[in-house]
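[1] The amino acid sequence is not available; the structure is as follows:
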């Protein structure tokens, strides 16, 4: 469980930055070279590469080098961690609100 939460934390840290979220959004349309991705952002290539490394370190993307071109590919399975965590949180909060609703309803009926 602790490892799972650590992985989820890493994904959220990676997604906390708007540039990295934009990269993920762009890669959702398909693999793209680092150069093409970087051209979409107003920063130097070394600065952009820090974002790529953060996404790669946290497993959200992988890069493949062919010749001189490095291509980024989205790891959709890793995004499933966020989906699973959100589903779990949704179930917890729905259960809590259901219990609150029952409590309020029963309290009103007792009056």
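    Received, thanks. The shown structure was predicted, so the numbers you read here are calculated from the model rather than taken from an experiment.
[2] Okay, now the unreliable bits of this structure?
    Within the chain, the ranges that satisfy pLDDT under 70 run 1-5.
[3] which stretches of it form strands?
    Ranges of strands in the chain, per DSSP state E, are 32-33, 61-66, 69-74.
[4] Including mean neighbour count, could those strands go into TSV?
    For glycine as for every other residue, the C-beta is placed from the backbone atoms N, C-alpha and C. Compiled in TSV, the strands of the chain are given as follows (neighbours: other Cβ atoms under 10 Å):
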stretch	mean neighbour count
strand 32-33	16
strand 61-66	14
strand 69-74	17
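[5] closest to residue 47 out of these?
    Taking Cβ to Cβ as the measure, the strands of the chain were each checked against residue 47, and strand 69-74 came out nearest at 15.8 Å.
[6] related to what we said a few turns ago, which one of the strands of the chain lies nearest to residue 6?
    Minimum separation from residue 6 across the strands of the chain (Cβ to Cβ) falls at strand 61-66, 18.7 Å.
[7] Quick one: list the elements packing against the closest one.
    Counting contacts by 3 or more Cβ pairs under 8 Å, 6 or more residues apart in numbering; DSSP states H and E, the secondary-structure elements packed against strand 61-66 are helix 18-27, helix 45-57, strand 69-74.
[8] give me that answer again for 10 Å
    Counting contacts by 3 or more Cβ pairs under 10 Å, 6 or more residues apart in numbering; DSSP states H and E, the secondary-structure elements packed against strand 61-66 are helix 18-27, helix 34-39, helix 45-57, strand 69-74.
[9] Please name whichever of the ones you listed is nearest to residue 96.
    For the helices and strands packed on strand 61-66, distance to residue 96 was read as Cβ to Cβ. The smallest value, 29.1 Å, belongs to helix 18-27.
[10] Outside of that closest one itself, which residues are in contact with it?
    Helix 18-27 is contacted from outside by 13-15, 17, 32, 34, 36-38, 40-43, 47-48, 50-52, 54-55, 58, 60-61, 71-76, 78-79, using Cβ atoms under 10 Å, 6 or more residues apart in numbering.
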